[in-house]
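Visitor: pasting the structure only:
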């Protein structure tokens with residue numbers, strides 16, 4: 001039986017900060033994989049027992065996840081997993097991304113530092129090193145790299161407020177892709193490379209356009225889930241045409 005306790009193993013002695021971070025990541029993973037069902041109550045004591053830690057890092061992790069809008073706190077009930085996003089909320093999420101992501105890509109092309117460029121290049125190199133160039137992988141296998149790419153681009157924009165907003169928005173977008181067990185699209189990899197090339201060339205117009213295409217096409221890739229057989233549904237891919 002696999003021991004899923006956060007503190008299990010020879011490296012169990014951790015600083016309080018490191019332990020809190022690991023508990024946060026583990027609970028976030030449980031939410032992502034729906035080991036904790038959307039809308040369900042999260043018992044702090046039971047979760048702490050499952051993870052093999054005290055209640056303090058669990059409460060800290062849940063408070064952080066509440067700030068990320070992945071967990072809610074209800075009076076007289078406690079913590080609950082956030083309910084699943086509705087199709088309308090998913091459409092709104094992509095609308096916001098179409099406003100913010102192209103802007104930060106444009107700003108990143110101007111403001112990115114040499115250190116950030118090296119970090120971004122490392123992510124792109126790791127993507128290129130994926131088996132078969134990432135073709136045929138599930139999105140979950142690509143998740144960490146995609147999150148790192150978006151984090152670096154947003155941070156390179158130099159706008160800390162938008163970076164914080166996008167961190168929460170990207171969290172939901174990445175969770176959606178993994179929850180629906182989406183296959184990693186070859187087009188998504190090409191889009192990432194186009195964004196990187198534009199930023200590396202300091203071409204702000206191209207960076208903005210490449211990011212806009214990426215978000216619009218990501219929306220298209222969700223349309224089948226959102227619309228299904230509903231002929232009155234507006235495909236998400238049309239958001240970028242407004």
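Guide: That came through fine. What you are looking at is a predicted structure, and each value in this text was computed from that prediction instead of being measured.
Visitor: least trustworthy helix or strand in the protein by mean pLDDT?
Guide: helix 160-179 (a mean of 81; mean pLDDT, DSSP states H and E).
Visitor: which residues of this structure fall in helices?
Guide: Using DSSP state H, the helices of the chain run over 16-32, 44-51, 55-67, 87-111, 114-128, 143-156, 160-179, 186-200, 204-227.
Visitor: Out of the ones you listed, which gets the lowest mean score?
Guide: Ranked on mean pLDDT, the bottom entry among the helices of the chain is helix 160-179, at a mean of 81.
Visitor: From the contact counts, what lies against it?
Guide: Under the contact definition 3 or more CB pairs under 8 Å, 6 or more residues apart in numbering; DSSP states H and E, helix 160-179 sits against helix 16-32, helix 87-111, helix 143-156. C-beta: built from backbone N, CA, C; applies to glycine.
Visitor: Contacts for the shortest one next, please.
Guide: Applying CB atoms under 8 Å, 6 or more residues apart in numbering, the external contacts of helix 143-156 come out as 101, 104-105, 107-108, 111-113, 116, 119-120, 123-124, 126-127, 139, 162-163, 166-167, 170, 174, 177-178, 192, 195-196, 199, 211.
Visitor: Give the buried subset of those residues as a ChimeraX selection command.
Guide: Applying 16 or more other CB atoms under 10 Å to the contacts of helix 143-156, the buried members can be selected in ChimeraX as follows:
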select :101,104,105,107,108,111,112,116,119,120,123,124,127,139,162,163,166,167,170,174,177,178,192,195,196,199,211
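Visitor: what's the closest of the helices of the chain to residue 74?
Guide: Comparison of the helices of the chain against residue 74 by CB to CB identifies helix 55-67 as nearest, at 10.8 Å.
Visitor: Show me which positions of that closest one end up buried.
Guide: Buried-residue list, helix 55-67, by 16+ other CB under 10 Å: 57, 58, 59, 60, 61, 62, 64, 65.
Visitor: Same question for stretch 208-220.
Guide: 208-220.
Visitor: and the buried residues of helix 55-67 as TSV, adding distance to residue 27?
Guide: Below are these laid out as TSV (distance: CB to CB, whole Å):
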residue	distance to residue 27
57	10
58	7
59	11
60	10
61	5
62	7
64	9
65	6
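Visitor: and which of those residues is nearest residue 50?
Guide: Distances from residue 50 to the buried residues of helix 55-67, taken by CB to CB, are shortest for residue 58, at 9.4 Å.
Visitor: residue contacts, the closest one?
Guide: By CB under 8 Å, 6+ apart, the contact list for residue 58 reads 23, 27, 44, 47, 48, 51.
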